[in-house]
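Undergrad: From the sequence below, what's the structure:
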Amino acid sequence: MSVYNLVMIATNQDNLNIYNLIKSIDYNVKTNKHLLIIINQGTELILNFSNPYLTIKTIQETKISLSKARNIALKYLLENSISSEYIMFPDDDSSFDSVFFENFQAILGSKKNYITPIFATGSKELYFGEKTEENTIITAKDHQLIGSPNQIICYNRLKNTLSFNEDLGVGAKYGSCEDFDLFIRLNILGEKFVFTNQLYNYHPRKVAAYKDVQLQTIVKRFKNYSSGFAFVIFKYKLFNLIPEYLIRTIGACVIFALKFQLKLSMAYFLQFFIRIRLLINFLINGVSKNG
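TA: Alright, predicted model coming up:
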């Protein structure tokens, strides 16, 4: 049996960002045992590192959805009897600095699940969500704080129940919320998540990511995200989230208009009507049985 303190699972398709993620981990890991599993769907990765505290395993796959890729990695852990106190799921464009791995020491042995901030790359500006007090218990109403890269989950305790809904996530039928769905299912099993400001990672700013993207493409991406959230609302009967689900699009529309970022403002304006249509569709047709 291989034993680690932290397993990280990432997916990769185009090699655009994955080397930055690898370097940020390799450079900053200086203690404990870490395993990075990469489900690689692009060209072969060339890895050149010699960090005694880091093991990297690549699994080559054809292009598949994000959730399917992560489930392949989770299956690999079980089939190879790999033990780890914690597991997390950084995006291919996530990155870390030394603070995360230095402060990770403090949570070892705590037997708690954690939610952390995600900052815009190279800053202390929140990528999403809002400032949250240390040790706050996070619930479904705090969905704006919950992503894949910032859930740090007790792997050994939950390894037989960890999986992603393959109807959800990038490349799936509903293009988001596989992370929120996982969080809710673990909550139903009685798992608590505690917010900590002592650990964090980075993600590129949203505006920067959409700077050179056409409006039609942005609207399509936003619709994919919106469909996943609508699915989760109806699957778990979280109807109290519907007002926020709609109002946030109008708020974002106004904010980006005031910043003269008219392309994003229009994309959010259109999302208001797309989200209404999605809600009506799920109200009439329900969610799929395999969801």
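
Undergrad: Give the helix, strand or coil label for the spatially most central residue of the chain.
TA: For the chain, the residue sitting closest to the mean C-alpha position, by Cα atoms, centre = their mean, is residue 148 at 2.0 Å. Per DSSP: H, G, I helix; E, B strand; the rest coil, the secondary structure class of residue 148 is coil.

Undergrad: roughly how far apart are it and residue 286?
TA: According to Cβ to Cβ, to the nearest Å, residue 148 and residue 286 sit 26 Å apart. All C-beta atoms are positioned from the backbone trio N, CA, C, and that covers glycine.

Undergrad: Which pLDDT does the model give the residue nearest to the centre of the chain?
TA: In the prediction, the pLDDT value recorded for residue 148 is 94.

Undergrad: do the same with residue 291
TA: For residue 291, the pLDDT comes out at 46.

Undergrad: Spatially, what comes nearest to residue 130 if we skip its sequence neighbours?
TA: Computed as Cβ to Cβ, 6 or more residues apart in numbering, the closest residue to residue 130 that is not its neighbour in sequence is residue 144, at 6.9 Å.

Undergrad: Hmm, the one you found is touching residue 132, no?
TA: No - in this structure residue 144 lies outside contact range of residue 132 using Cβ atoms under 8 Å: 9.9 Å.

Undergrad: Mind checking which of these two has more residues around it?
TA: Taking other Cβ atoms under 10 Å, residue 144 and residue 132 do not tie; residue 132 has more neighbours (18 against 12).

Undergrad: Name the residues linked to the nearest residue to that one once chain neighbours are set aside by a beta bridge.
TA: The shortest distance from residue 132 to any residue other than its chain neighbours is 4.8 Å, reached at residue 195 (Cβ to Cβ, 6+ apart). For residue 195, the residues forming beta bridges with it (DSSP bridges) are residue 115.

Undergrad: now the strands for the protein?
TA: For the chain, the strands identified by DSSP state E occupy 2-12, 34-40, 54-60, 82-88, 113-115, 118-120, 137-138, 151-154, 193-195, 201-203, in order along the chain.

Undergrad: Now do the shortest one: which elements does it pack against?
TA: I take that to be strand 137-138. Secondary structure elements in contact with strand 137-138, counted by 3 or more Cβ pairs under 8 Å, 6 or more residues apart in numbering; DSSP states H and E, are strand 193-195.

Undergrad: re the thing from before, mean pLDDT and distance to residue 256 for the strands of the chain - can I get that in TSV?
TA: Written out in TSV, the entries for the strands of the chain read as follows (pLDDT from 0 to 100; distance: least, Cβ to Cβ, whole Å):
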stretch	mean pLDDT	distance to residue 256
strand 2-12	96	29
strand 34-40	97	34
strand 54-60	96	39
strand 82-88	98	31
strand 113-115	98	27
strand 118-120	95	16
strand 137-138	98	27
strand 151-154	98	28
strand 193-195	98	28
strand 201-203	95	19
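
Undergrad: Distance to residue 94 and mean neighbour count added to these, as JSON lines?
TA: Written out in JSON lines, the entries for these read as follows (distance: least, Cβ to Cβ, whole Å; neighbours: other Cβ atoms under 10 Å):
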{"stretch": "strand 2-12", "distance to residue 94": "8", "mean neighbour count": "22"}
{"stretch": "strand 34-40", "distance to residue 94": "11", "mean neighbour count": "22"}
{"stretch": "strand 54-60", "distance to residue 94": "15", "mean neighbour count": "16"}
{"stretch": "strand 82-88", "distance to residue 94": "9", "mean neighbour count": "21"}
{"stretch": "strand 113-115", "distance to residue 94": "15", "mean neighbour count": "22"}
{"stretch": "strand 118-120", "distance to residue 94": "8", "mean neighbour count": "19"}
{"stretch": "strand 137-138", "distance to residue 94": "19", "mean neighbour count": "15"}
{"stretch": "strand 151-154", "distance to residue 94": "12", "mean neighbour count": "22"}
{"stretch": "strand 193-195", "distance to residue 94": "18", "mean neighbour count": "19"}
{"stretch": "strand 201-203", "distance to residue 94": "5", "mean neighbour count": "23"}
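
Undergrad: now these as a markdown table including distance to residue 235?
TA: A markdown table is the format used below for those (distance: least, Cβ to Cβ, whole Å):
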| stretch | distance to residue 235 |
| --- | --- |
| strand 2-12 | 24 |
| strand 34-40 | 25 |
| strand 54-60 | 29 |
| strand 82-88 | 24 |
| strand 113-115 | 21 |
| strand 118-120 | 25 |
| strand 137-138 | 19 |
| strand 151-154 | 19 |
| strand 193-195 | 19 |
| strand 201-203 | 26 |
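
Undergrad: Which of these sits closest to residue 258?
TA: In terms of Cβ to Cβ, the element of these nearest to residue 258 is strand 118-120, at 19.3 Å.
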